[in-house]
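Trainee: generate coordinates for the sequence data below:
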Amino acid sequence: MTNIAVIGAGASGLFLTKLLSESTNANIFVFEKNSKPGYKIKASGGGKANILNTQISGECYNNPAFIANLLSRVNYETIRSEFQKMGLKMTVDEENRVYPSTFFSQTVLDVLLYQLSEKVHFIYNYEVQHIQREKQQYQINDYPTRFDKVVIASGSPAGMIGKNRKNFNLYLNDLNIIKEDFLASLVGFKIKNYPALLSGCRCKAICTLYQEKTLIHQEGGEVTFKDEGISGIVILNLSAYYNRLKDKSRCSIHLNLMYDDNAYDVARHWQRFHSFCGLIHPKLNRLYEQRPFDLRNLVLEISEPYELEFAQVCHGGIVLDEIDEDFELKRHPNIFAIGEALNIDGICGGYNLFFAWASAWVVAQKMRSCFYAAQGK
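Mentor: Sure thing, here's the model as predicted:
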């Protein structure tokens, strides 16, 4: 009987477990350091679970070539079909984001956990600290079962407070795996000389990330002004592109507050009313009264991103050179790495969860073929 260890009961680990439960007779042991599964699934999309995007492309990720190759094997339709077979009804919004029709993240988690094989075993409050090879099998900590296959699905430290990150993925040291340090991605920015009076303000703007005079990325959306800086989906997306820069100095965000009507005659408005109180948010108007600025080019100089505990996703993790096209570690046969454990990160909108599902799907296909070959089928 094949024994499979899945390290992590997050999106990729649960999706893999569900697929294998339905198609193999393997014993599957899911090790989870928390007391419950699916922590990040439940938080996704503000609790609505933005699980996919209909317009997946490599350009939405930090490694476009790797994703382009992956998309030749598994795409949006593949994952949507798998969820439909599990009984999940989905809906698509005007920005191509896919949600469960309930708009409730628990629905996704319930589907993944529903009617799992009796051969699936969840071990909660269990932190994996060591993986050792024992002949042709693997030993996890001092757990009594030996495993034929191990899947690293332990995610990233995004959203974790410092003390909980201390021993994060410590077991990777046993495998001598090359990895890049985790950096906060999909996160807000702290701003130099930040005008504190803007705290609590929300507005829509065309947001542009510049490094000196070089345009890095631009898109529009709602900006949220916090105590020390800015956030919001559009800002989180800018942070993904910011993290891909080798040199992150001299970066700034430029806000065009004429989001809905860029042709509006701002100068004429001022000549007529001598105020912008009816044109922009009151707090932005107060800032203008103190230090006038171009409404189409409010410049905010980046100090640094917010800390990891505020990040939705991380940049970094196991480098892609460590895995083959089936997500198997090249130097450790029968150990796989999927989801956020790998150095792949995408923008907001269902892209990161797509990668979690897609990488798990590929590993499930590989394990199914091995299982059936062993059974002589």
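Trainee: how deep is the spatially closest residue to G317 that is not a sequence neighbour tucked in, by neighbour count?
Mentor: With CB to CB, 6 or more residues apart in numbering as the criterion, G317 has its nearest non-adjacent residue at 4.5 Å, and that residue is N343. C-betas here are computed from N, CA, C, even on glycine. By the criterion of other CB atoms under 10 Å, N343 has 22 neighbours.
Trainee: OK, contacts around N343?
Mentor: 62-63, 179-180, 315-320 (CB atoms under 8 Å, 6 or more residues apart in numbering).
Trainee: likewise K204?
Mentor: 220-223, 259-260.
Trainee: if you rank those by neighbours, which is first?
Mentor: V223 (25 neighbours).
Trainee: can you name the residues bridging to that one?
Mentor: C203 (DSSP bridges).
Trainee: how about Y99, secondary structure?
Mentor: strand (DSSP: H, G, I helix; E, B strand; the rest coil).
Trainee: hmm, F83 and it touching each other?
Mentor: No - between Y99 and F83 there is no contact under CB atoms under 8 Å: 11.3 Å.
Trainee: now do the helices in the chain.
Mentor: Shown for the chain, the helices assigned by DSSP state H span residues 11-23, 39-43, 64-71, 76-85, 105-113, 172-175, 233-242, 266-273, 282-290, 351-374.
Trainee: most packed of those helices?
Mentor: helix 11-23 (a mean of 25; mean count of other CB atoms under 10 Å).
Trainee: could you say what helices and strands it packs with?
Mentor: strand 3-7, strand 27-31, helix 39-43, helix 105-113, helix 351-374 (3 or more CB pairs under 8 Å, 6 or more residues apart in numbering; DSSP states H and E).
Trainee: just to revisit the earlier point, between Y99 and F83, what contacts are shared?
Mentor: 51, 90.
Trainee: for the residue lying closest to A205 once chain neighbours are set aside, give me its contacts.
Mentor: Excluding the flanking residues, the one nearest A205 by CB to CB, 6+ apart is L255, at 4.2 Å. L255 is in contact with 205-207, 223, 297-298, 300, counting by CB under 8 Å, 6+ apart.
Trainee: nearest to H332 among the residues you listed?
Mentor: Distances from H332 to the contacts of L255, taken as CB to CB, are shortest for C207 (42.5 Å).
Trainee: so how many other residues sit close to the residue lying closest to S12 once chain neighbours are set aside?
Mentor: Among residues not flanking S12 along the chain, G339 sits closest, at 3.1 Å (CB to CB, 6+ apart). Residues lying near G339 (other CB under 10 Å) number 30.
Trainee: low-confidence regions, the protein specifically.
Mentor: 372-377 (pLDDT under 70).
Trainee: please tell me how far the residue of it positioned farthest from its centre sits from N256.
Mentor: Distance from the C-alpha centroid of the chain peaks at R272, with 47.3 Å (CA atoms, centre = their mean). Counting by CB to CB, to the nearest Å, the gap from R272 to N256 is 21 Å.
Trainee: for Y61, same thing?
Mentor: Taken as CB to CB, the span from Y61 to N256 is 27 Å.
Trainee: looking at the two, which is more packed in?
Mentor: Set Y61 next to N256 and count neighbours by other CB under 10 Å: Y61 wins out with 23 against 18.
Trainee: my read: that one touches I67, true?
Mentor: Yes - Y61 lies in contact with I67 (CB under 8 Å); the separation is 4.7 Å.
Trainee: residues touching V150, list them.
Mentor: Counting by CB under 8 Å, 6+ apart, V150 has contacts 4-5, 7, 131, 138, 140, 334-336.
Trainee: buried among those residues? Make that a PyMOL selection.
Mentor: A single PyMOL command suffices to select whichever of the contacts of V150 are buried according to 16 or more other CB atoms under 10 Å:
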select buried, resi 4+5+7+131+138+140+334+335+336
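Trainee: got a list of what Q139 touches?
Mentor: 130-133, 146-147.
Trainee: among those residues, name the ones in strands.
Mentor: 131-133 (DSSP state E).
Trainee: looking at these, which is nearest L236?
Mentor: I131 (33.2 Å).
Trainee: and that closest one, how far is that from A267?
Mentor: 65 Å.
Trainee: would TSV of the contacts of K204 with distance to Y288 be doable?
Mentor: Shown next, in TSV, are these (distance: CB to CB, whole Å):
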residue	distance to Y288
G220	21
G221	22
E222	20
V223	16
Y259	16
D260	18
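Trainee: so which of these comes closest to F354?
Mentor: G221 (20.1 Å).
Trainee: wait, that closest one touches I230, no?
Mentor: No - the pair G221 / I230 is not scored as a contact, 11.6 Å apart, by CB under 8 Å.
Trainee: who does the nearest residue to I216 once chain neighbours are set aside form a beta bridge with?
Mentor: Computed as CB to CB, 6+ apart, the closest residue to I216 that is not its neighbour in sequence is L209, at 4.3 Å. Per DSSP bridges, the residues bridged to L209 are H217, I253.
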